[in-house]
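S.K.: quick one, structure for this:
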Amino acid sequence: FSYLSANEKSIDLLLNINETTKKKLPTEDQLNIKINLAVYYFNQSLFKKANLLLQTLNHSDNWLEKKMGKEWVLKKNLMEILIQYELENIEITLNRIRAFERHFSDLLKHPLYIRVFQFIKTIKEIINNPQLLKSEEFIEQVESTLVIIPTEQEDLQAIAFYSWLKAKLT
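M.R.: Numbering: from 1, shown residues only. Just a heads-up that it's a prediction; the model follows:
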């Protein structure tokens, strides 16, 4: 529903899972409910709600990585970076970016994740020079480095992250 312009319905569906049912679900499903709800809040520009929800995960990234996998934690960290940016917590955003780069440095050379690091680099550039958001040359450079896969082959979540950036650029 979120990707079909019915984001509120996505939020309602997840909020209406009763607590008894939720507690019976495997831990992985409970964590996925929280991360998806945080994404839907983010899509509604409810950044404080998304931030508070991610804070309720109550586990270290190492524990989450063992339970959910490295890519899940990578996406959670990307969400945290974007949320802090939107909350205008620039120092926290930069700290999260540095931690992200350290923790996921082993993925830097993996072809599937090259654009993730380009995305993070772009956010840092915008933070360090907000005027770039008005630069046609910068916008073209971002589009040429991040949009290199035909849309029909692209991962839906990657499109969502890029769309956030594209909205900032335009």
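S.K.: pLDDT weak spots in the protein?
M.R.: 146-157 (pLDDT under 70).
S.K.: could I get the CA-only coordinates of stretch 85-96 as PDB?
M.R.: The C-alpha trace of stretch 85-96 is given here as PDB (Å, rounded to 0.1, in the frame of the first residue of the first chain):
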ATOM      1  CA  TYR A  85      19.200  14.400   8.500                       C
ATOM      2  CA  GLU A  86      15.500  15.300   8.300                       C
ATOM      3  CA  LEU A  87      15.400  16.100  12.000                       C
ATOM      4  CA  GLU A  88      18.300  18.500  11.200                       C
ATOM      5  CA  ASN A  89      20.600  16.700  13.600                       C
ATOM      6  CA  ILE A  90      23.500  17.300  11.400                       C
ATOM      7  CA  GLU A  91      26.300  16.200  13.800                       C
ATOM      8  CA  ILE A  92      24.300  13.000  14.700                       C
ATOM      9  CA  THR A  93      23.900  12.400  10.900                       C
ATOM     10  CA  LEU A  94      27.600  12.800  10.300                       C
ATOM     11  CA  ASN A  95      28.400  10.500  13.300                       C
ATOM     12  CA  ARG A  96      26.000   7.900  11.900                       C
END
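S.K.: give me the contact list for that stretch.
M.R.: 42, 45, 47-48, 51, 77, 80-81, 84, 123-124, 127 (Cβ atoms under 8 Å, 6 or more residues apart in numbering). No exception for glycine: its C-beta is placed from N, CA and C like everyone else's.
S.K.: kindly report the same for stretch 5-25.
M.R.: 1-2, 30, 33, 36-37, 40-41, 43-44.
S.K.: the residue in the chain sticking out farthest from the centre: which element?
M.R.: In the chain, the residue that sits farthest from the middle, by Cα atoms, centre = their mean, is residue 20; the gap is 28.7 Å. Using DSSP states H and E, residue 20 falls within helix 19-24.
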